[in-house]
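Chemist: Give me a 3D structure for the following:
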Amino acid sequence: MFQHRNHFFTVFIRGVTARLIRWDRAGAIVTEEFDYGQEPYLADFYWRFTHATAKARGHDTTVRRLSETGEDRDLVVLVRKKLGLKLKEPVFEINVWNDAPVATEGLPYYGSKPFVNHAQSVTGRATRVFRVWDDRMKKIVALKDCWRVNSSSILPEGQVYAVLKENDVRNIPTCLRAGDVDPGCAYQRTQTQDVSPSARTVRSHIHYRIVLKEVCVGNITDFKDTKELVSVLRDAMIAHTDAYTKAGLLHRDVSAGNILITEDRRGLLGDWELSKLVADLSTARQPQRTGTWQFISAALLRPDRPCHSLEDDLESFVHVFSWTCLKHVKNTMMPSELGDHLFLGYDQVIFDRTTDQVFGGKTKERNLKSRALRTAGFVDSAFRDLLLDFEDTCAARYDPDPDPSIVAQSRAALASTTDPFIRDTVLSRLPDLVTQNKRDRLESGQWFIDRCDEAMNSGYWPSFPQARVVNDYDRKEMISSTIYPSTNDSTQSGVNRPVKISNHESEVQSESESKSESKSFSHGKGLRRSPRLMAASVSGSGQTGTRSSSMLESVPEDDYAL
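Modeler: Numbering: from 1, shown residues only. Modelled structure (predicted):
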């Protein structure tokens with residue numbers, strides 16, 4: 001969605017009845033059905049809407065389209081030239097605030113359309129990234145616009161970057177300015193959660209913007225050749241390892257879209273808004289998973305998932321690497337075979353309405369355990385060896401647990417002999433010891449970094465590293481299997497019914513801890529009683545739940561209540 005809006009309204013009409021719906025990034029507030037011929041609600045709504053301010057109607061007034069005439073004319077010409085925009089492309093002034101103990105004024109940046117847009121759903125974080133002109137620094141920078149989860153236990157991304165910078169973490173974007181949008185405006189925060197009962201807390205979101213120095217040319221899927229792919233992956237893993245060991249932070253959202261490529265072809269690890277202190281990893285902040293669905297570890301996709309750990313993030317790096325290779329490195333898989341592998345291994349979702357949870361990862365785990373990439377047909381090279389080593393290491397998480405006593409005895413025997421035959425061909429190949437050694441690699445990201453260095457320095461590469469390609473595969477519409485609660489009719493118990501959901505990379509976000517308390521709402525002066533409202537939580541995966549409430553939206557006194 002390209003429009004700059006904080007919320008919007010729709011009217012659902014069914015015959016002689018109607019419902020009024022207010023949408024924001026937390027969900028939707030829906031009235032009870034009413035007869036618009038007998039009740040005045042619909043007419044009242046249209047009257048109020050036409051007399052309301054732009055803010056009340058949902059427009060984001062912190063963004064202004066520059067006029068091509070008058071005092072904005074020279075600035076429009078300059079911005080179009082600097083950003084390489086077409087003659088008729090609109091130019092917007094986007095204001096960004098800065099987190100500070102004392103309130104600050106917004107500073108303007110100038111841009112047009114977003115070059116990264118994850119706002120396909122009306123709810124959620126709705127991340128968009130713009131190339132913008134900074135008229136003070138006289139340079140192009142990146143502006144990220146999103147709706148952050150409102151929770152006291154989740155640091156805003158700008159504050160996370162401050163912690164990372166303080167601890168000399170390498171290969172991360174440089175944060176220039178970041179803060180909540182127009183902190184004093186109620187419309188820059190979602191309101192749906194305020195009419196949701198505590199039985200199921202709807203995520204509260206706050207509009208947030210951050211300005212970054214580096215304007216990246218793409219993400220890891222935009223690599224030029226396989227050597228650059230390994231180099232970019234290595235750079236991102238250095239950032240991740242630095243953050244974990246130096247700053248005590250775990251990223252928790254490793255994905256293809258978050259591993260960036262700079263203009264000088266270096267890798268950066270961005271999007272730290274879901275990161276968490278290592279000391280707090282054992283304490284869950286939300287009941288739902290954190291991360292991007294395709295790249296979440298198979299362990300975390302299980303119904304009985306554990307808390308997010310370092311091993312899960314390292315596995316996510318491997319899934320990013322594997323997924324990117326399958327789509328953009330030449331292999332011998334047939335289009336139908338590759339389509340099945342990508343869909344079943346990365347996209348499949350199961351929604352269990354008995355527990356109100358989503359899960360998956362069965363095929364992802366099965367592919368790891370069978371070392372499926374061995375038969376994908378990648379060209380023999382140091383690159384293929386690296387890919388298979390990464391897969392084999394992560395697969396050890398799901399192999400049978402090694403016997404600790406056998407591992408201890410094997411290691412003692414290794415330490416007591418210097419015979420290379422016994423060490424390298426006998427003891428080192430004992431299954432329990434092999435599995436444990438692979439699992440030990442997952443205790444740090446350093447083995448993965450060193451293995452990337454080893455591969456890049458190897459002479460076992462083709463004369464020219466393989467260039468990026470777009471592999472053909474049968475694209476499948478992403479459909480989630482839904483398990484419904486048992487009913488009195490035993491034939492319907494546990495029936496799987498498909499639910500269509502979006503085919504883009506789903507952003508699975510963290511759940512806000514804060515539960516909004518019930519409060520009364522102003523109806524405005526001389527306004528009629530409004531129909532009863534319900535809050536609907538609508539996730540990016542198409543799941544919808546409704547909750548009852550008799551409360552109305554609160555608006556500033558100078559706005560008409562809608």
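Chemist: all helices in the protein, in order from the N-terminus.
Modeler: For the chain, applying DSSP state H gives helices covering 41-51, 54-57, 73-83, 157-166, 226-242, 310-328, 335-342, 362-369, 382-395, 404-416, 420-421, 431-441, 446-456.
Chemist: and the last one, what does it pack onto?
Modeler: Read that as helix 446-456. helix 226-242, helix 382-395 (3 or more Cβ pairs under 8 Å, 6 or more residues apart in numbering; DSSP states H and E). Bear in mind the C-beta positions are built from the backbone N, C-alpha and C, glycine included.
Chemist: Can you list the neighbours in contact with it?
Modeler: By Cβ atoms under 8 Å, 6 or more residues apart in numbering, the list of residues contacting helix 446-456 from outside reads 227, 230-231, 233-234, 237-238, 241, 314, 317, 382-383, 385-386, 389-390, 393, 441.
Chemist: Mean neighbour count, the helices and strands packed on helix 446-456: which tops it?
Modeler: helix 226-242 (a mean of 23; mean count of other Cβ atoms under 10 Å).
Chemist: Could you list the residues in contact with that helix?
Modeler: 167-172, 220, 223, 251, 254, 259, 261, 265-269, 313, 317, 320-321, 324-325, 329, 381, 383, 386, 444-446, 448-449, 452-453, 455-456, 461, 465-466, 468.
Chemist: Distance-wise, check V470 relative to V318.
Modeler: Computed as Cβ to Cβ, to the nearest Å, the V470 to V318 distance reads 22 Å.
Chemist: which one of the two has more residues nearby?
Modeler: Legend: neighbour count by other Cβ atoms under 10 Å for V470 and V318, higher for V318 (24 against 8).
Chemist: Does the more buried one touch E391 like I think?
Modeler: Yes - with contact defined as Cβ atoms under 8 Å, V318 counts as touching E391 (6.5 Å).
Chemist: what sits against R128?
Modeler: P114, V116, N117, H118, A119, K144, D145, C146.
Chemist: What about the second one, how many residues nearby?
Modeler: The tally of other residues near V116 (other Cβ under 10 Å) stands at 17.
Chemist: Kindly report the same for the last one.
Modeler: Here the number of neighbours of C146 (other Cβ under 10 Å) works out to 24.
Chemist: Next: the third one.
Modeler: Other residues lying near N117 total 15 when counted by other Cβ under 10 Å.
Chemist: what separates it from A376, distance-wise?
Modeler: 31 Å.
Chemist: so what's the residue nearest to R5 when sequence neighbours are not counted up against?
Modeler: Counting by Cβ to Cβ, 6 or more residues apart in numbering, G58 is the residue found nearest to R5 once chain neighbours are left out, at 4.8 Å. If a contact means Cβ under 8 Å, 6+ apart, then G58 has R5, N6, H7, F8, F9, Y187 as its contacts.
Chemist: Go through these and say which is closest to F92.
Modeler: R5 (13.2 Å; Cβ to Cβ).
Chemist: H59 is in contact with that closest one, correct?
Modeler: Yes - using Cβ under 8 Å as the test, R5 is close enough to H59 to be in contact (6.2 Å).
Chemist: Quick one, grab the pLDDT at the residue nearest to G158 when sequence neighbours are not counted.
Modeler: Computed as Cβ to Cβ, 6+ apart, the closest residue to G158 that is not its neighbour in sequence is A178, at 2.6 Å. A178 is assigned a pLDDT of 96 by the prediction.
Chemist: just S255 next, same as before
Modeler: 96.
Chemist: ok, now E557?
Modeler: So, for E557, pLDDT stands at 39.
Chemist: what do you get for the one 5 residues further on?
Modeler: With respect to pLDDT, L562 scores 56.
Chemist: pLDDT weak spots in the stretch 1-150 of the chain?
Modeler: Low-confidence segments of the stretch 1-150 of the chain, defined by pLDDT under 70: 1-2, 100-103.
Chemist: So in the protein, which strand runs the longest?
Modeler: The single longest strand within the chain, with elements called by DSSP state E, is strand 139-149.
Chemist: Direction included, what does it pair up with?
Modeler: According to DSSP bridges, strand 139-149 forms sheet pairs with strand 128-134 (antiparallel), strand 205-212 (antiparallel).
Chemist: Low-confidence ranges, this protein, go.
Modeler: 1-2, 100-103, 197-200, 284-288, 427-428, 477-562.
Chemist: Residue most distant from the centroid, it?
Modeler: Each residue of the chain has a distance to the centre, and by Cα atoms, centre = their mean the biggest one is for D419: 51.1 Å.
Chemist: thinking again about what came up before, of the strands paired with strand 139-149, give the one that comes closest to V349.
Modeler: Of all these, strand 205-212 comes closest under Cβ to Cβ, at 22.3 Å.
Chemist: The closest one: how far from the chain's middle?
Modeler: Strand 205-212 sits 14 Å away from the centroid of its parent chain (Cα atoms, centre = their mean, to the nearest Å).
Chemist: same check, this time on stretch 125-137
Modeler: Mean-position distance between stretch 125-137 and its chain equals 19 Å (Cα atoms, centre = their mean).
Chemist: now swap in stretch 361-379 and tell me
Modeler: Distance of stretch 361-379 from the chain centroid (Cα atoms, centre = their mean) equals 24 Å.
Chemist: Restricting to C-alpha, output it in CSV.
Modeler: Extracted C-alpha coordinates of stretch 361-379, given in CSV (Å, rounded to 0.1, in the frame of the first residue of the first chain):
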residue,chain,number,x,y,z
GLY,A,361,8.3,-27.2,9.6
LYS,A,362,7.7,-30.9,9.3
THR,A,363,9.0,-31.0,5.7
LYS,A,364,11.7,-28.5,6.6
GLU,A,365,13.0,-30.9,9.3
ARG,A,366,12.6,-33.9,7.1
ASN,A,367,14.6,-32.3,4.3
LEU,A,368,17.4,-31.5,6.8
LYS,A,369,17.5,-35.0,8.2
SER,A,370,17.7,-36.5,4.7
ARG,A,371,20.3,-34.0,3.6
ALA,A,372,18.1,-33.2,0.6
LEU,A,373,20.5,-30.6,-1.0
ARG,A,374,22.9,-33.4,-1.8
THR,A,375,20.6,-34.5,-4.7
ALA,A,376,19.7,-31.0,-5.8
GLY,A,377,22.4,-31.1,-8.6
PHE,A,378,24.6,-28.1,-7.7
VAL,A,379,27.9,-28.0,-9.5
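Chemist: which residues are in contact with it?
Modeler: Applying Cβ under 8 Å, 6+ apart, the contact partners of stretch 361-379 are 296-302, 319, 322, 325-326, 329-333, 341, 344-346, 348, 384, 387-388, 391-392, 394-395, 397-399, 462, 466.
Chemist: are any of the contacts of helix 226-242 buried, and which?
Modeler: Among the contacts of helix 226-242, those buried by neighbour count (16 or more other Cβ atoms under 10 Å) are 169, 171-172, 220, 223, 251, 254, 259, 261, 267-269, 313, 317, 320-321, 324-325, 329, 381, 383, 386, 445, 448-449, 452, 455-456, 461, 465-466, 468.
Chemist: Number of residues surrounding Y46?
Modeler: Neighbourhood size, Y46 [other Cβ under 10 Å]: 11.
Chemist: And it, how far from A247?
Modeler: In terms of Cβ to Cβ, Y46 sits 53 Å off from A247.
Chemist: From the rest of the structure, what touches stretch 89-105?
Modeler: By Cβ under 8 Å, 6+ apart, stretch 89-105 touches 4, 62-66, 75-76, 79-80, 85, 106-113, 130, 132, 143, 145, 156, 158-159, 177-184, 209-211.
Chemist: For the closest residue to Q348 other than its chain neighbours, which residues are in contact?
Modeler: Nearest residue to Q348, sequence neighbours excluded (Cβ to Cβ, 6+ apart): G360, at 5.3 Å. Counting by Cβ under 8 Å, 6+ apart, G360 touches W293, L301, Q348, V349, I350.
Chemist: repeat for L249
Modeler: Going by Cβ under 8 Å, 6+ apart, L249 touches V160, V163, L164, A243, W272, S275, K276, L277, V278.
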